[in-house]
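K.L.:
Generate a structure from the sequence data that follows.
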Amino acid sequence: MTGMTEMNPTSTTILWTGASQDLTSLATGGRLQTGSYTVTEDAIRFASGLISTREESIPLWMVMDADLTQHISQRVRGVGDLTLRLDPRYAGRFGQALLILRSIENPSAVRDLILRQANAVRQFWAQRSYERDIELRRAGAVSTNIVVPTVTAAPAAPAAPALEPAPASGDLMAQLVKLGEMKTAGLLTDEEFTAAKAKLLA
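P.N.:
Sure, this is the predicted structure:
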């Protein structure tokens, strides 16, 4: 069973790094920054503060959506604020439901990068959980409840996972029950659930 601890970020591969290009940064020639941000393959790491610095990390699978805002002075400087909405079910563990990357350069490209990578990470853990659950069932283990965040709409929609071929009539009900559990756990969209169910009943 995939747990939250296993899903903690571990990658050190950096996909993007940047800092707040706000008035404080401009006034000091970049010597003082109110925020710095790094996106790795599986996390967003950020530090904020001028006198004392607070460093935190948010797993990418928590990012559900992103909003970009630019006021006039930001648009002139080519920067903007990127607000990331995090999965509220895990806000208590990570202490926040929103993460704002303030006054970052090329914000639309950063938004697309984060959403694309967040979706890829969620697909990875969903597929891993699905494969592990299938292995447990084949070994005769009791079906487990999978804790995986719901896959959000993003540039690439995940493909429906392959079902075990030609289930025996006695196993049909178990397969249908399993499909329902996967849909409830967020591993299947409504469309994927309907298609998989139709395939079983064909």
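
K.L.:
measure stretch 95-113 end to end?
P.N.:
This stretch, stretch 95-113, spans 24 Å end to end (Cα to Cα, to the nearest Å).

K.L.:
what comes up buried for that stretch?
P.N.:
Within stretch 95-113, the residues that count as buried by 16 or more other Cβ atoms under 10 Å are 97, 99-104, 107, 110-111. The way it works is simple: take the backbone N, C-alpha and C, and place the C-beta from them, glycine included.

K.L.:
cool, and stretch 175-184?
P.N.:
For stretch 175-184, a neighbour-count test (16+ other Cβ under 10 Å) marks 175, 178-179, 181-183 as buried.

K.L.:
With stretch 8-21 instead?
P.N.:
Of all the residues in stretch 8-21, those buried under the rule 16+ other Cβ under 10 Å are 9, 15-16, 18-21.

K.L.:
name the helices or strands packed onto the longest helix anywhere in the chain?
P.N.:
Using DSSP state H, we find that the single longest helix of the chain is helix 107-138. When contacts are defined as 3 or more Cβ pairs under 8 Å, 6 or more residues apart in numbering; DSSP states H and E, helix 107-138 sits against strand 14-19, strand 35-40, strand 63-69, strand 79-86, strand 98-105.

K.L.:
of all the ones you listed, which lies closest to residue 125?
P.N.:
Proximity to residue 125, assessed across the helices and strands packed on helix 107-138 by Cβ to Cβ, is greatest for strand 63-69 (13.4 Å).

K.L.:
what residues go with each domain of this protein?
P.N.:
Domain assignment for the chain, taken from automatic domain parsing, gives 14-119, 125-201.

K.L.:
The ones you listed: lowest mean pLDDT?
P.N.:
Comparing mean pLDDT across the domains of the chain, the weakest is domain 125-201, with a mean of 66.

K.L.:
Just the terminal-to-terminal distance for that domain.
P.N.:
28 Å.

K.L.:
Residue numbering should commence at 116 henceforth.
P.N.:
OK, 116 is where the count begins now, so the last one is domain 240-316.
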